[in-house]
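> Dropping the sequence and predicted coords here.
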Amino acid sequence: DCYDYLNEIHRRKNIKAIYFFLAAEKNGEYDKQILPSCRAMQTLIRKHAALYETGLHPSWQSHSDYAVFSAEKNLLETITGKEVTRSRQHYIWFTLPTHYEWLMKAGITDDYSMGYGSINGFRASTASVFQWYNLATESETGLTIHPFCFMDANCYYEQRLNTKESYDELLKYMKVCKQANGVFSC
C-alpha cells in the first residue's frame, strides 16, 4: 500500500496523475485485487477520485465478454459517483478493432493501453496523442489514444534490469520524447 507515498510525490512535484482501478467483481487467475465490494477499497477509490482523474482497468475476465467489461465500468461509476471516460487494459491485452469499439460503445473517450507489456518502446511508433482510426470500417473515431513508452514492470520482470539500468532507460525515453516534442507517459 503505497498510495500515501505516491500522493505526497504528486503533491510535491505537482504531478497530474491518473489512477486506473480494477473493478472485477471476482478474482481470477490474472485478476488479483481487493474486490470493489470491500468497503475499504471503495473508500480508497472515492478518495482518489476526489483528488485525481480516475479510469477503469478492465479485468482479464472482461477481455472476451463485453457485458463483464460494461458491468465493471458501471460499478466503478457507482463507487466514484463520476462518469468513467478513461481506460487502461489489464496486462495491456487488447484486440483491435474489437476492444477499441467496446470502449467507444461504453462511453470511453481516452485509452492509455498503447504500449508494450514486455519491453519498453513505442508500440504506436509515436510519442504523440492521436485519434484512433478504425481501419475495419475506414472511419475516424472520437477515441483518443495516449501511447506510453515505459513501464517499470517491463524493466524488472521482462528485461531483468537492475535499478540503475532501469533508471537510465527511463531517462533515455524521457529524453527521446522531449526531443520529439512528444508526451512522455508511463
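Structure received.

> Mind listing what's buried along stretch 125-134?
Residues of stretch 125-134 classed as buried: 127, 132 (neighbour count, 16 or more other C-beta atoms under 10 Å). For every residue, glycine as well, the C-beta is placed using N, CA and C.

> Same check on stretch 16-31?
Within stretch 16-31, the residues that count as buried by 16+ other C-beta under 10 Å are 19-24, 31.

> mind giving me a markdown table with these and columns for secondary structure?
Converted to a markdown table, those look like this (DSSP: H, G, I helix; E, B strand; the rest coil):
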| residue | secondary structure |
| --- | --- |
| Tyr19 | strand |
| Phe20 | strand |
| Phe21 | strand |
| Leu22 | coil |
| Ala23 | coil |
| Ala24 | coil |
| Asp31 | coil |
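
> and Ala71, how many neighbours?
If you count neighbours by other C-beta atoms under 10 Å, Ala71 ends up with 16.

> thinking again about what came up before, looking at the buried residues of stretch 16-31, which two lie furthest apart in space?
Tyr19 and Asp31 (17.3 Å; C-beta to C-beta).

> how much space is there between the residue lying farthest from the centre of the chain and Pro97?
With C-alpha atoms, centre = their mean as the measure, the chain has its most outlying C-alpha, relative to the mean C-alpha position, at Glu138: 26.1 Å. Glu138 sits at a distance of 11 Å from Pro97 (criterion: C-beta to C-beta, to the nearest Å).

> show me the residues around Leu22 that make contact.
Contact analysis of Leu22 by C-beta atoms under 8 Å, 6 or more residues apart in numbering lists 31, 33, 57, 59, 90.

> ok, the third one - contacts?
By C-beta under 8 Å, 6+ apart, the contact set of His57 is 20-23, 87-90.

> on that earlier part again, tabulate the contacts of Leu22 (CSV), appending secondary structure.
CSV is the format used below for the contacts of Leu22 (three-state DSSP):
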residue, secondary structure
Asp31, coil
Gln33, coil
His57, coil
Ser59, coil
His90, helix
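
> Show me which of those is closest to Tyr5.
The nearest one, if we look at these relative to Tyr5 and count by C-beta to C-beta, is Gln33, at 19.0 Å.

> Could I get the pLDDT score of the closest one?
Gln33 is assigned a predicted lDDT (pLDDT) of 91.

> Likewise for the one 3 residues further on?
In this prediction, Pro36 carries a pLDDT score of 95.

> so what's Tyr112 closest to, chain neighbours aside?
Arg88 (4.2 Å; C-beta to C-beta, 6 or more residues apart in numbering).

> Show me where this structure has its strands.
Counting by DSSP state E, one finds strands in the chain at the ranges 18-21, 53-56, 86-87, 110-111, 130-134, 139-145.

> Sweet, I'm off.
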